[in-house]
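Visitor: sequence first, then the predicted structure, then my questions.
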Amino acid sequence: MANDYTKIIKMAIKARKNSYSPYSSFKVGACLKDINGNLYTGCNIENAAFSPTNCAERTAFFKAVSEGIKEFECIAITGGSSVIKGYCPPCGVCRQVMMEFCNPEVFKIILAKSENDYKEILLKDLLPLGFGKMDLSIK
Ligand code: THU
């Protein structure tokens with residue numbers, strides 16, 4: 001079924017369980033889908049020195065890119081402290097990483113509280129006038 005996000009939302013919720021977040025106790029899970037339907041999950045991974053912390057979205061992107069995958073359709077994101085209460089929008093750094101590998105006109109970001117409660121947003125709307133490789137005249 002087109003635009004059935006049940007599976008990627010479920011996988012993002014599952015990935016959230018692996019969140020390593022002893023400093024914030026804020027657990028985030030993501031599931032990234034490539035253009036062939038392959039899925040890459042990620043969780044946030046914190047660090048005692050704070051700045052090496054990696055967000056769930058970037059974990060998913062870096063897993064995929066490190067396997068040679070660079071064309072993506074959408075990402076589901078879910079996050080919260082103990083229970084998921086609200087939507088978890090991606091941070092600015094993650095939006096910029098999305099901008100590197102995704103067409104902002106078509107790449108979809110699914111902000112999910114559950115399989116039945118989610119919002120779908122295009123990258124262009126989360127990162128208007130985003131800086132990308134075309135600004136460096138690189139395709
Ligand atoms: N975090 C993510 O994993 N993704 C986001 O989009 C927002 C923030 C993580 C980073 C940090 O481990 C915790 O959530 C609190 O900021």
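Guide: Good, I have the coordinates.
Visitor: any stretches of this protein with poor pLDDT?
Guide: 1-3, 139 (pLDDT under 70).
Visitor: find the nearest non-adjacent residue to the most centrally placed residue in it, please.
Guide: Residue closest to the average C-alpha location in the chain (CA atoms, centre = their mean): residue 57, at 3.3 Å. Counting by CB to CB, 6 or more residues apart in numbering, residue 57 lies nearest to residue 94, which is 4.1 Å off, once chain neighbours are set aside. Heads up, the C-betas are built off the backbone N, CA and C, glycines and all.
Visitor: relative to residue 120, how far out is that neighbour?
Guide: 17 Å (CB to CB, to the nearest Å).
Visitor: and if you look at residue 23?
Guide: The value you get for residue 23 to residue 120, if CB to CB is used, is 31 Å.
Visitor: same check, this time on residue 20
Guide: As judged by CB to CB, residue 20 and residue 120 stand 28 Å apart.
Visitor: and residue 13, by the same measure?
Guide: Taking CB to CB, one finds residue 13 at 17 Å from residue 120.
Visitor: for the protein, which residues are neighbours of the ligand?
Guide: 21, 24, 26, 28, 44, 46, 53, 55-57, 88, 90-91, 94 (CB under 6 Å from any ligand atom).
Visitor: which of these are buried?
Guide: Buried subset of these (neighbour count, 16 or more other CB atoms under 10 Å): 21, 28, 44, 46, 53, 55, 56, 57, 88, 90, 94.
Visitor: hang on, isn't the third one packed against residue 55?
Guide: By that I understand residue 44. Yes. Between residue 44 and residue 55 there is a contact at 5.4 Å, judged by CB atoms under 8 Å.
Visitor: shared neighbours of these two, anything?
Guide: residue 28 (CB atoms under 8 Å, 6 or more residues apart in numbering).
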